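S.K.: Here is my input; please provide its structure:
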Amino acid sequence: MVVASVVLGLVATAILGTGCGAVATPSEEAARAVLEPALTQATPAGRTGLLLKGKAVWLQAPMFDKSCLEQNDLAFNDDPASRPSSGGGIPRISPTYKNQRYLLASTPTGYCVLLGDGLKAEIKDARYDWATKDRWHFTVAYTMANPTPWFGCLDPTVRERDIVVRQGEGEGAAPIIEGTLAIAEGDCPQPMPGGEERTARPRPSSAAPRPPSKADVEKLVKAFDDALWQGDFAAARDQLACYNLFEEDTFGSCSLAEVIALGPVPRGEPRMQDGTPWLEYLQDSPAAFGRISPDRKDKSLFHVEVTHKRTGKVRTFSVQWVGGAWKLVGVVGRQAESITTVRILTDLGDKDKRDIFERRLAGEPIDEQGNPLDPNAAPEEEQ
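M.R.: Now for the predicted structure:
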């Protein structure tokens, strides 16, 4: 009641005209008294994310300037004119590998890109509407104390917009806000998690004190699978010995973006927020694995066999002793049209795949099949 009386007390109305045609207008002070706290609520402290709707190659991104995205190597644009008429005309993008690292969360409707930290909204000016005589137009500008490149490519109409505050219906009614105050709508977490840096570490070199037991591997894959189920991608990444073959320093150079498109082993009905299961549908349980074998050269590395439930084909994932604990080996080795994602089923237990992996770690420009990245490149001359 106290708050209501304060608000009503601020609604100093001016009656323009006489008789039945009179129009009630909030004063500028009354309109600001409603708008300013609403803007504060719409710009909470912390890291702010924006939802990119979609789960396939193309993600909806109507709030960005398309040319800015391409000029800053943030994303590729999809041409709406090239789609079927049923596809709609909403601008869509596919993030580049370089800057997908700012995609830090997955929701049932899409992925969340980090805009930055320290969002503020400032009223730049106020204009009385002499045509309607019942409202004020406020120009509101949004700034970010610590922006990512994605914030800089928001369309100018998103970063500065017109917000209307008009008189409410009925005698003594409080002013009403028309317009969207939040810079981004959607189901992104607030605040957004960290994890956008691709921070390299020295490659593990210490031999494991003992081979991993079946219980060790079960505990590890359960923790990883549970973290994916809970959408805790930071915890999932913590379970990984991650090699990113597209970075100069490969070990540890994985952002959360390389994990968010992974999903847990299916548990009943599929969920929209889950990506492709990390076991790639080979088995229905993360604990359904077989023999554990040591690597031929690396004393910290062991390979775990998984048999395909239908074809009977044997694949392998690997575990590594890192800093006193077992970690799942993940490899970012193939850039995708959509989000480039770490793979766990690396088949490093296969001698040829293992040799190719080591050659790639050494910087040889070949793909995961051992083929040259540039098929037209001339062979190196023997010294």
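S.K.: Please make it C-alpha for all contacts and neighbour counts, starting now.
M.R.: Noted.
S.K.: Let me know the secondary structure of Arg32.
M.R.: Secondary structure assignment for Arg32 (DSSP: H, G, I helix; E, B strand; the rest coil): helix.
S.K.: got a list of what the residue nearest to the spatial centre of the chain touches?
M.R.: The centre of the chain sits closest to Leu103, judged by CA atoms, centre = their mean, with a distance of 2.3 Å. By CA atoms under 8 Å, 6 or more residues apart in numbering, Leu103 lies in contact with Tyr111, Cys112, Val113, Leu114, Glu196, Leu256, Ala257.
S.K.: Give the residue spans of the chain that score low on pLDDT.
M.R.: By pLDDT under 70, the weakly predicted segments of the chain are 1-24, 80-88, 377-383.
S.K.: any idea how it splits into domains?
M.R.: 11-192, 214-361 (automatic domain parsing).
S.K.: of all these, which lies closest to Leu373?
M.R.: Across these, Leu373 has its closest neighbour in domain 214-361 (10.9 Å, CA to CA).
S.K.: And the strands in the stretch 101-250 of the chain, which stretches?
M.R.: Residue ranges of the strands in the stretch 101-250 of the chain, as given by DSSP state E, counting those that start in this stretch, are 103-107, 110-128, 135-147, 160-166, 176-178, 240-244.
S.K.: Please identify the deepest-packed of those strands.
M.R.: strand 103-107 (a mean of 26; mean count of other CA atoms under 10 Å).
S.K.: Sheet partners, orientation included, of that strand?
M.R.: strand 110-128 (antiparallel) (DSSP bridges).
S.K.: hang on, the earlier thing: got CSV for the contacts of Leu103, with distance to Val331 too?
M.R.: Below are the contacts of Leu103 laid out as CSV (distance: CA to CA, whole Å):
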residue, distance to Val331
Tyr111, 22
Cys112, 23
Val113, 23
Leu114, 24
Glu196, 17
Leu256, 13
Ala257, 13
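S.K.: Select, from these, the two members most distant in space.
M.R.: The widest separation within the contacts of Leu103 (CA to CA) is 13.8 Å, between Tyr111 and Glu196.
S.K.: shared neighbours, these two?
M.R.: Common neighbours of Tyr111 and Glu196 (CA under 8 Å, 6+ apart) are Leu103, Leu104.
S.K.: Distance check, Gln320 against Val165.
M.R.: Applying CA to CA, to the nearest Å, the value for Gln320 to Val165 is 60 Å.
S.K.: ok so, going back, just give me the closest of the contacts of Leu103 to Ala223.
M.R.: Nearest to Ala223 out of the contacts of Leu103 is Leu256 (CA to CA; 16.6 Å).
S.K.: and the closest one, how many neighbours?
M.R.: 27 (other CA atoms under 10 Å).
S.K.: cool, and Val319?
M.R.: 26.
S.K.: Might you report the residue contacts of the closest residue to it other than its chain neighbours?
M.R.: Excluding its sequence neighbours, the residue lying closest to Val319 (CA to CA, 6 or more residues apart in numbering) is Leu328, at 4.6 Å. Contacts for Leu328 (CA under 8 Å, 6+ apart) come out as Leu220, Val221, Gln239, Leu240, Ala241, Phe317, Ser318, Val319, Gln320, Ile344.
S.K.: any idea how far Asp298 is from the closest residue to Leu245 other than its chain neighbours?
M.R.: Computed as CA to CA, 6+ apart, the closest residue to Leu245 that is not its neighbour in sequence is Gly333, at 5.5 Å. According to CA to CA, Gly333 and Asp298 sit 20 Å apart.
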